[in-house]
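Have a look at this prediction, sequence included:
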Amino acid sequence: MPKKRNDSGLVQAGQVELWLPGLTGSSLTPDKREKTTLKKAAKSRPPKESFLKTAEAIRFEPPAPEDKTFLARELVHCGLPHSDPGSDLPMWTRRSGNLTLTISRTDPDVGFPFGTHPRLFLYWLNTQLLRIEGRRLELGSFYSDFVRALGLHTNGGGERSDNKRLHNQMERMLAATISFQKVIEQDGVTGKARLNMPVASQSMLWWDYKRPEQGTILSSFIVVGEDFAQALRDAPIPHDLRAIRALKQSPLALDLYGIMAYRAFVAMTTGKDQTLFWKQLMLQTGSSYDDVQDYRKKALRYLKKIVAVFPTLLLQEIVGGIVVTRGSRPPIESQPSRRVQKSLG
């Protein structure tokens, strides 16, 4: 039996199957509207029971204070590498519109951060900074407590364990300098703003990832770089931590969730649909992809999961992209900070 559509032509948000018709009144709209399901667009394994339970909880239970997490707007627009760029590059760059993110290494023995673990770390970092006045974050004496705080597992100490990979990615993250460059046009004049920010001005990790339950005499800590801390505090985008943890297996899923959350907020506040083209999203989130159609299939696969844990997200597919419709609502309905961004305008 077909699912009932609402007035906008969409199946109720959050259902596994989406109705993604072309938009009417647009030069991008196909003459013939057709039903496209995420299920048909890309084959995927059935969601795990825990994922379905999370989706159900998000649909029927509003987020508790501890479920609210944040990520800086620039890091939503330009994410970290999905896979290891290798050690031959002097720096790694990603561009999105007029914003460019560059990651430089300050330690020749430490590579670039990549994958899901540094993304989860950045969510934790941003959220903690909004709760304190200073820049020093205490990490505690037990590595296991910190691993669990990021929604990861403490089992095992092998190369593929969360213990090992998180420790490795934190070292990469803390040894990195993140730079944003933004092209700004004002009064007929074009300029370029730059902000170079070491992630940490100081850090001390005493943990032994092979023995995560063994406490240390001295407590590990991070002093976040002053400019980086300010950038994180200036324009944080609120997200639902339950959804972040449900999507943590894929950096692409995390990146797409962040973009959808921001676009849903813009759609709600402006009352206008937000159009995103596959090529644009590929450059923004998937630098390792070369073919737009291949990227589209993978993105749709993860958007299926994102809609399940983001029930207020309404999507339509058009030729060449998708639309976050103006009926969408962000996962956490609290506005990002209005503070003016330092140096970036």
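In hand now; what should we look at? Note that this is a predicted model, so its numbers are computed, not measured.

Checking the nearest residue to Thr216 once chain neighbours are set aside next. Helix, strand or coil?
Excluding the flanking residues, the one nearest Thr216 by Cβ to Cβ, 6 or more residues apart in numbering is Trp206, at 4.2 Å. To be clear about C-beta, it is placed using only N, CA and C from the backbone, and glycine gets the same treatment. Three-state call for Trp206 (DSSP: H, G, I helix; E, B strand; the rest coil): coil.

The residue nearest to His82 when sequence neighbours are not counted and Lys298, how far apart?
Spatial nearest neighbour of His82, excluding adjacent residues (Cβ to Cβ, 6+ apart): Pro251 at 4.6 Å. Pro251 sits at a distance of 12 Å from Lys298 (criterion: Cβ to Cβ, to the nearest Å).

what do you get for Gly111?
On the measure of Cβ to Cβ, Gly111 and Lys298 end up 24 Å apart.

now do Ser87
27 Å.

When these two are compared, which one has more neighbours?
Legend: neighbour count by other Cβ atoms under 10 Å for Ser87 and Lys298, higher for Lys298 (19 against 11).

and the helix or strand where the more buried one lies, C-alpha only, in PDB?
Following DSSP states H and E, one finds Lys298 within helix 292-309. Only the C-alpha atoms of helix 292-309 are listed here, as PDB (Å, rounded to 0.1, in the frame of the first residue of the first chain):
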ATOM      1  CA  VAL A 292      29.200  12.900  -9.500                       C
ATOM      2  CA  GLN A 293      26.800  10.000 -10.200                       C
ATOM      3  CA  ASP A 294      28.800   7.700  -8.000                       C
ATOM      4  CA  TYR A 295      28.800  10.300  -5.200                       C
ATOM      5  CA  ARG A 296      25.100  10.800  -5.600                       C
ATOM      6  CA  LYS A 297      24.400   7.100  -5.000                       C
ATOM      7  CA  LYS A 298      26.600   7.100  -1.900                       C
ATOM      8  CA  ALA A 299      25.100  10.300  -0.600                       C
ATOM      9  CA  LEU A 300      21.500   9.100  -1.100                       C
ATOM     10  CA  ARG A 301      22.400   5.900   0.800                       C
ATOM     11  CA  TYR A 302      23.400   8.000   3.800                       C
ATOM     12  CA  LEU A 303      20.700  10.600   3.400                       C
ATOM     13  CA  LYS A 304      18.300   7.700   3.900                       C
ATOM     14  CA  LYS A 305      19.800   7.100   7.300                       C
ATOM     15  CA  ILE A 306      20.000  10.800   8.100                       C
ATOM     16  CA  VAL A 307      16.300  11.300   7.500                       C
ATOM     17  CA  ALA A 308      15.600   8.400   9.900                       C
ATOM     18  CA  VAL A 309      17.400  10.200  12.700                       C
END
